[in-house]
Structure formats: structure tokens, C-alpha cells
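> Model the structure of this input:
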Amino acid sequence: MRNCKIYLQITSGRGPAECGRVVALTVEKILTQAKKIGLDVEVVEREPGEINRTLFSAVISIEGLKADEIVREWEGTIQWIAQSPYRIYHKRKNWFVGVRSFTIPDKHNVDEREISYQTLRASGPGGQHVNKTESAVRATHISSGLSVTASDQRSQLQNKKLAVERLLIKLAAWNMEQNMQKAQENWNNHNTLQRGNPVKVIQEPLT
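Next comes the predicted model:
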């Protein structure tokens, strides 16, 4: 087993709100399982859904010797069986979300010409020194328009490195989302996930 950081993207494929609910519930299950076996785990990116407690997508970072075990168990299509909590009389009970793993490229291999930087005043309580220097950094991927901001550190250089890492994560997840949506264009002309061969089937108890 290797001790490395792996990222899992959980996405609803722009499916209905029920799929967004399943994304949020799947994230909770993965976090709980990863922590139970001693892995360092964190939600590093999330896109809220239209209904409270739902997510269009989320990205989790997992680090530790058993990270591969989580990937092997969860990567693929997740089938979640449950009645819709939003449409009581809706007959459909099978909801699908996709889980894909990725790693980010070495930052030394990044083409700096593809990224623009902007320094900002770091946010914080009024009167603190953090507001008096432009230590925060916004990194923007020029061709896609994706951007992130890092203000966690006091040093502008440290924030720049952190911003690049976050941008690479966001870009990788965005590319996977785009590829998934293109692959689903033939499914009734809207973005749904592959129904066949789920890697995990979860049936929620009837209430």
C-alpha cells in the first residue's frame, strides 16, 4: 500500500434533487469510513445543490496507507434505493451518483502561462494586521476561467502555493465533470449517470 493523497469526486451528474441528496449522504459515509480506519480526510471542494443539504458535487481528499481501500470500494456508480423525500408520490426509488478518483499533477509540471495571479487583502476581523497587507492570492486558470483564493497563511508566497494546489484540484474535478456530462448526452438529452453495473447498492429503510 502507498501513503499518498487521493481525491474522490462525488457527482450527481446534474441529476434531480434526490441525486444531490445522495451525493451529500455518500460524502458522509465516505468521511465516516475513512476516519474509522485512521485516514486523513477532508472535503476540499463542494457545490451546493438547489435544496438544503444537497450537493451537485463534492471533492474529498484522502491520505493514508489504506486510502486505496476506500477508492476500490467506492469508485464507480453508486445506486441508492430510497423513496424521494421531496416528491412523496414519485414512483422512482433508484438514484445514481458517480464517484471518480484522481491525483493532481506535480506543481513543478504546471504551465505558469496558463495561470494568472492577483494579490488581495486577506479577510479577517477589523484592525488585525492581516488586513493591512495583500497576502491573499487569487489564482485563475485562464482558458477555463476557474479561480480560487488562498488567504490561510501570512506569507503571500505560501498562499500562492496553496492557491495553485487548490486550483489544480478544482480543474481536475471540473475536467472530470465535463467528460462525464459529455458521455451522458445520449441519455435522453440530459445529464444522468450510467445506470448499469453499480459498484455499491444502498437501500434506505422505508419510513
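> now the helices for the protein?
Read by DSSP state H, the chain holds these helices, from start to end of the chain: 17-36, 67-74, 156-183.
> To I60, which of those helices lies closest?
Minimum separation from I60 across the helices of the chain (Cβ to Cβ) falls at helix 17-36, 6.1 Å. All C-beta spots, glycine's among them, are computed from the backbone N, C-alpha and C.
> And that closest one, what's buried?
Within helix 17-36, the residues scored as buried using 16 or more other Cβ atoms under 10 Å are 17-27, 30-31, 34.
> Centre of the chain to stretch 88-104, how far?
For stretch 88-104, the distance between its averaged C-alpha position and the chain's averaged C-alpha position is 14 Å (Cα atoms, centre = their mean, to the nearest Å).
> how does the protein divide into domains?
Structurally, the chain divides into domains by the TED database as follows: 5-107+193-203, 112-180.
> With mean pLDDT added, can I get those in CSV?
Converted to CSV, these look like this (pLDDT from 0 to 100):
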stretch, mean pLDDT
domain 5-107+193-203, 90
domain 112-180, 81
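> coming back round to it: let me have the helices of the chain in JSON lines, extended by distance to S61.
Converted to JSON lines, the helices of the chain look like this (distance: least, Cβ to Cβ, whole Å):
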{"stretch": "helix 17-36", "distance to S61": "10"}
{"stretch": "helix 67-74", "distance to S61": "9"}
{"stretch": "helix 156-183", "distance to S61": "8"}
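> what's the closest of these to V99?
Using Cβ to Cβ as the criterion, the shortest distance between V99 and the helices of the chain is 4.9 Å, found for helix 67-74.
> what's the closest one packed up against?
Helices and strands touching helix 67-74, as assessed by 3 or more Cβ pairs under 8 Å, 6 or more residues apart in numbering; DSSP states H and E, comprise strand 4-11, helix 17-36.
> okay, the ones you listed in TSV with distance to S116 next?
What follows is the helices and strands packed on helix 67-74, written out as TSV (distance: least, Cβ to Cβ, whole Å):
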stretch	distance to S116
strand 4-11	24
helix 17-36	31
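> H141: which of the ones you listed is closest?
Distances from H141 to each of the helices and strands packed on helix 67-74 were compared using Cβ to Cβ; the minimum, 16.8 Å, belongs to strand 4-11.
> Run me through the strand neighbours of that closest one, direction for each.
When pairs are called by DSSP bridges, strand 4-11 turns out to pair with strand 55-64 (antiparallel), strand 94-102 (antiparallel).
> what comes up buried for that strand?
By 16+ other Cβ under 10 Å, the buried positions in strand 4-11 come out as I6, Y7, L8, Q9, I10, T11.
> starting at the chain centroid, how far to that strand?
Distance, stretch centre to chain centre, for strand 4-11: 7 Å (Cα atoms, centre = their mean).
> for stretch 9-29, same thing?
Remark: stretch 9-29 is offset 11 Å from the chain centroid, using Cα atoms, centre = their mean.
> just to revisit the earlier point, indicate which one of the helices of the chain is closest to H90.
Sorting the helices of the chain by Cβ to Cβ, the top spot, which is the nearest, belongs to helix 17-36 at 8.2 Å.
> residue contacts, the residue nearest in space to the middle of the chain?
Nearest to the mean C-alpha position of the chain, counting by Cα atoms, centre = their mean, stands V59 at 1.9 Å. Under the criterion of Cβ atoms under 8 Å, 6 or more residues apart in numbering, the contact list for V59 reads Y7, L8, Q9, I10, V43, V44, E45, R46, I169, K170, A173.
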